[in-house]
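Trainee: Task: produce atomic coordinates for the following.
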Amino acid sequence: MDLDAPGTSAPLLGEPTPVELMNTVWADRAGVHDALATPDEAVAWLRRVLPDPPVPDPDRLRLVRDALRRLAAERTGDPRPSAGSAVPTRADALRVLDEACAAAPTWSSLRWEPGEEPRREVRSDAAGDRVLIAGLAEQAVRFFAGEEAAELRACLAPGCVLYFVRHHPRREWCSAGCGNRARVARHYRRRRPTSD
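Mentor: Numbers count the residues shown, from 1 in each chain. Now for the predicted structure:
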């Protein structure tokens, strides 16, 4: 595995980390892509969102991502077939998150070395990659149980499979590019003659 691999192919939109993880499934004119398809790609994505991540099990990371996409689809009423998830039901998605959270119990520890300020450390007996995935799952639980989840949206621009958090009441798309594509498609539908 190349730990100096180039950056991720997934778009990073400045969304909460669970939404960024959902968006590791993305689309362009060539089709739908998975930015976690290989261990190198998983490490590249993690390096963009977390400092010094351990090397994860990409299958476990993808399973958590797919569970989040299932929950996002449920939360938003997402009608896009191309945005589907490999996790078939809400119950399955909840089970995946519970198992991921439970795989690496953590606890806080106070560290206070002479001459330094006290600091909190998070500790676990689990391996680093399990702690990482458990932490992502915990963030997802807090996200879906929190206020921001009410503003989670599926980007309904043509060909898009991303999610975003609507921070402005007029925001309809994940990005300006998707907004432009949607406006062009709407304009084309209005101008195109209809056949009887």
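Trainee: hey, let's count contacts and neighbours off CA atoms from now on
Mentor: Noted.
Trainee: Do a quick rundown of the strands in the protein.
Mentor: 25-28, 31-34, 106-111, 119-124, 152-154, 163-165 (DSSP state E).
Trainee: okay, those strands in a markdown table with mean pLDDT and distance to residue 79 next?
Mentor: Shown next, in a markdown table, are the strands of the chain (pLDDT from 0 to 100; distance: least, Cα to Cα, whole Å):
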| stretch | mean pLDDT | distance to residue 79 |
| --- | --- | --- |
| strand 25-28 | 92 | 16 |
| strand 31-34 | 92 | 16 |
| strand 106-111 | 92 | 37 |
| strand 119-124 | 91 | 39 |
| strand 152-154 | 97 | 9 |
| strand 163-165 | 97 | 12 |
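Trainee: Quick check, residue 112 in contact with residue 119.
Mentor: Yes: contact criterion Cα atoms under 8 Å: residue 112 and residue 119 qualify, at 6.4 Å.
Trainee: By mean pLDDT, flag the weakest helix or strand of the protein.
Mentor: helix 176-191 (a mean of 79; mean pLDDT, DSSP states H and E).
Trainee: What separation is there between residue 65 and residue 170?
Mentor: 28 Å (Cα to Cα, to the nearest Å).
Trainee: more crowded one of these two?
Mentor: Taking other Cα atoms under 10 Å, residue 65 and residue 170 do not tie; residue 65 has more neighbours (31 against 7).
Trainee: coming back round to it: can I get the strands of the chain in JSON lines with distance to residue 186?
Mentor: Formatted as JSON lines, the strands of the chain follow (distance: least, Cα to Cα, whole Å):
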{"stretch": "strand 25-28", "distance to residue 186": "19"}
{"stretch": "strand 31-34", "distance to residue 186": "21"}
{"stretch": "strand 106-111", "distance to residue 186": "50"}
{"stretch": "strand 119-124", "distance to residue 186": "50"}
{"stretch": "strand 152-154", "distance to residue 186": "18"}
{"stretch": "strand 163-165", "distance to residue 186": "21"}
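Trainee: So for residue 134, which of those strands sits nearest?
Mentor: strand 106-111 (9.1 Å; Cα to Cα).
Trainee: now the helices for this structure?
Mentor: Assigned by DSSP state H, the helices in the chain fall at 17-22, 39-49, 58-76, 90-102, 128-145, 176-191.
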